[in-house]
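[1] heads up, no residue letters with this:
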């Protein structure tokens, strides 16, 4: 992760450890954990903090080490495919609704 991403990376690491992000084959999706309590929050915080290393005299957290990561080019390619599939699904759904609406408006054949 780049230094600009360090704060959001920490939060994403916590969300994943708490069960708010469910890992798929090559991506994460939002989820609702069965339970979040003080004990699970402490454990998640300790797991994320355990990735800390000293770099140039500073403690740096590396939550990305706990996450399934893709190279940037692969992630962008996957994102583009997912967006295209969602658009295709929306168009197909719209066309199906329009087709069904047309059938409803057509008088039955006698």
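    Okay, I see it. Please read all numbers here as calculations on a predicted model, not as lab measurements. Numbering: from 1, shown residues only.
[2] who's in contact with residue 44?
    13-14, 17-18 (C-beta atoms under 8 Å, 6 or more residues apart in numbering). Heads up, the C-betas are built off the backbone N, CA and C, glycines and all.
[3] make TSV out of these and add distance to residue 62 and pLDDT.
    Formatted as TSV, the contacts of residue 44 follow (distance: C-beta to C-beta, whole Å; pLDDT from 0 to 100):
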residue	distance to residue 62	pLDDT
13	9	92
14	14	94
17	14	95
18	18	96
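[4] which of those fall in helices?
    13-14, 17-18 (DSSP state H).
[5] that older thread, nearest to residue 77 among the contacts of residue 44?
    residue 13 (24.0 Å; C-beta to C-beta).
[6] quick one: the helices in the protein?
    Under DSSP H, the chain gives helices at 6-18, 38-49, 72-105.
[7] thinking again about what came up before, most surrounded residue in the contacts of residue 44?
    residue 13 (24 neighbours; other C-beta atoms under 10 Å).
[8] so where is this protein shaky, pLDDT-wise?
    1-7, 91, 94-95, 98-110 (pLDDT under 70).
[9] walk me through the domains of it.
    1-69, 70-110 (automatic domain parsing).
[10] hang on, the earlier thing: which one of the ones in helices among the contacts of residue 44 is nearest residue 58?
    The nearest one, if we look at the ones in helices among the contacts of residue 44 relative to residue 58 and count by C-beta to C-beta, is residue 13, at 18.1 Å.
[11] who's in contact with that closest one?
    So residue 13 contacts 44, 47-48, 51, 61, 63-64, 66-67 (C-beta under 8 Å, 6+ apart).
[12] gap between the closest residue in space to residue 48 that isn't next to it in sequence and residue 51?
    In space, and not counting its chain neighbours, residue 48 is closest to residue 13: 4.4 Å by C-beta to C-beta, 6 or more residues apart in numbering. From residue 13 over to residue 51 the distance is 8 Å, taken as C-beta to C-beta, to the nearest Å.
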